[in-house]
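Peer 1: What shape does this take:
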Amino acid sequence: MIYRSKAPLRIGLAGGGTDVSPYSDQFGGAILNATVSLFAFANIEPLDENKIIIQALDRKEEQHFDWAPALPINGTLDLLKGVYNRIHEDYGIPATGFRLSTFVDAPAGSGLGTSSTLVVAIIGAFVEWLKLPLGDYDIAHYAYQIERKDLKLTGGKQDQYAAMFGGVNFMEFYEDDKVIVNPLRIKSQYLHELENNLVLYFTATSRESASIIDEQVKNVNSKNEKSIEAMHQLKEQARRMKEALLKGRLDEFGAILDFGFQQKRRMAHNISNSRIEEIYEAAKSAGATGGKISGAGGGGFMIFYCPGNTHHAVVEVLKKFGGYVKNYTFTKYGLTTWCA
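Peer 2: Residues are numbered from 1 along each chain as shown. The predicted structure is shown next:
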């Protein structure tokens, strides 16, 4: 028997960064995001031998251990080991061997929430195997605790909830890790048009988000008015985009994205750089009306809104920068688990 799970990656459309503490604790955050047809997969296969084998198939990394109640956190495959350690501590795992293997459709540091989505997928596989009594909000919060508290990895809260719930969601973030997920009922023609017009482009560089988020946190703690005001504006951007999407006013999308791009650069120094600026301006010169860096910034994926028939012209001009356009569709569902 193999216990399987998959969880979708997400595109952050508006409000990015306002889900990070302490901003969300002090002021409340708001984000609009949508999951796409790129996934993190996890598989658990019980073994006859008393061994634990963990594998990241996409990264070609593998480790073998004698069965133990906790595995060493040492910088290699820590997400996989961190989930195992926490679940064993809280629920207990039979003293039997197993193989845990994972695969993610996008590289780490891509800005699509890969790490958090992978943690949700791994938890999902353990929930399927052990029949753990965890609901949707429980799994998302559990993933957040493992990643942010146990493993002490810097980041926000949106990715775990997007991976768990799936679809297009307007999310609100408050103190004490309170999160409210509001699924949006978008008319199909609006989603089809958004999907057609939104280009997802990988810059061919990954980034380490921790340093960018650390600066963002520092700016809030030091009451940096410029940075905090930018976050206020990004929160308002999420509300504006939610209304535009619900009402089908997609002609406003590019301008709302462009507004957010200008605000995002004020949050921390390394969010943008000369290469990102060059790519952004080239896309706009080819017909895009706005865009953004996905995730914390500094590299990874970018998205561009290309109205009318400008999609192909923008794709063509982006080719000269050495990255690639990634095809996708929006997905309705979040974490899915099954056994085979």
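
Peer 1: worst-scoring helix or strand of this protein, pLDDT-wise?
Peer 2: Within the chain, judged by mean pLDDT, DSSP states H and E, the helix or strand with the poorest mean is helix 209-221; its value is a mean of 70.

Peer 1: Downstream of that helix, the next helix or strand is which one?
Peer 2: From helix 209-221 onward toward the C-terminus, using DSSP states H and E, the following helix or strand is helix 225-246.

Peer 1: name the helices or strands packed onto that next one?
Peer 2: Based on contacts counted as 3 or more C-beta pairs under 8 Å, 6 or more residues apart in numbering; DSSP states H and E, the elements that helix 225-246 packs against are strand 3-14, helix 23-27, strand 29-46, strand 168-173, helix 209-221, helix 253-264. Where C-beta positions appear, they are placed from N, C-alpha and C, glycine not excepted.

Peer 1: would you turn those into TSV with distance to Glu316 and mean neighbour count?
Peer 2: Output for the helices and strands packed on helix 225-246, formatted as TSV (distance: least, C-beta to C-beta, whole Å; neighbours: other C-beta atoms under 10 Å):
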stretch	distance to Glu316	mean neighbour count
strand 3-14	22	27
helix 23-27	39	20
strand 29-46	22	23
strand 168-173	29	23
helix 209-221	30	18
helix 253-264	18	20
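
Peer 1: Please identify the helix or strand for Trp111.
Peer 2: Actually, residue 111 is Gly. It isn't Trp. Under the assignment given by DSSP H and E, Gly111 is not contained in any helix or strand.

Peer 1: er, Lys284 actually
Peer 2: helix 274-285.

Peer 1: Go through that helix and flag the buried ones.
Peer 2: For helix 274-285, burial by neighbour count (16 or more other C-beta atoms under 10 Å) applies to 276, 279-280, 282-284.

Peer 1: Please apply the same query to stretch 147-154.
Peer 2: When burial is assessed from 16+ other C-beta under 10 Å, stretch 147-154 yields the following buried residues: 147-148, 151, 153-154.

Peer 1: The one helix or strand Ala140 maps to: what's the following helix or strand?
Peer 2: Using DSSP H and E, Ala140 maps to helix 136-144. Of the helices and strands lying after helix 136-144 in sequence (DSSP H and E), the nearest is helix 158-165.

Peer 1: and that next one with strand 3-14, angle?
Peer 2: Between helix 158-165 and strand 3-14, the angle formed by their directions is 130 degrees, by axes from the mean of the first three to the mean of the last three C-alpha atoms, to 10 degrees.

Peer 1: contacts for helix 158-165?
Peer 2: The set of residues that contact helix 158-165 without belonging to it, under C-beta atoms under 8 Å, 6 or more residues apart in numbering, is 7-10, 12, 16, 19, 31, 33, 35, 40, 113, 115-117, 119-121, 136-137, 139-141, 143-144, 147, 169, 171, 173, 179, 181, 183, 334-335.

Peer 1: hmm, try it at 6 Å
Peer 2: Defining contact as C-beta atoms under 6 Å, 6 or more residues apart in numbering, one finds that helix 158-165 is touched by 7, 10, 19, 31, 33, 35, 113, 116-117, 120, 136, 139-140, 143-144, 171, 179, 181, 334-335.

Peer 1: Write the ChimeraX selection for whichever of those are buried.
Peer 2: Applied in ChimeraX, the following selects the buried portion of the contacts of helix 158-165 according to 16+ other C-beta under 10 Å:
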select :7,10,19,31,33,35,113,116,117,120,139,140,143,144,171,179,181,334,335
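
Peer 1: what's the spacing between Ala143 and Val217?
Peer 2: As defined by C-beta to C-beta, to the nearest Å, Ala143 lies at a distance of 20 Å from Val217.

Peer 1: What of Ala70?
Peer 2: 29 Å.

Peer 1: and if you look at Pro72?
Peer 2: Here the distance between Pro72 and Val217 works out to 28 Å (C-beta to C-beta).
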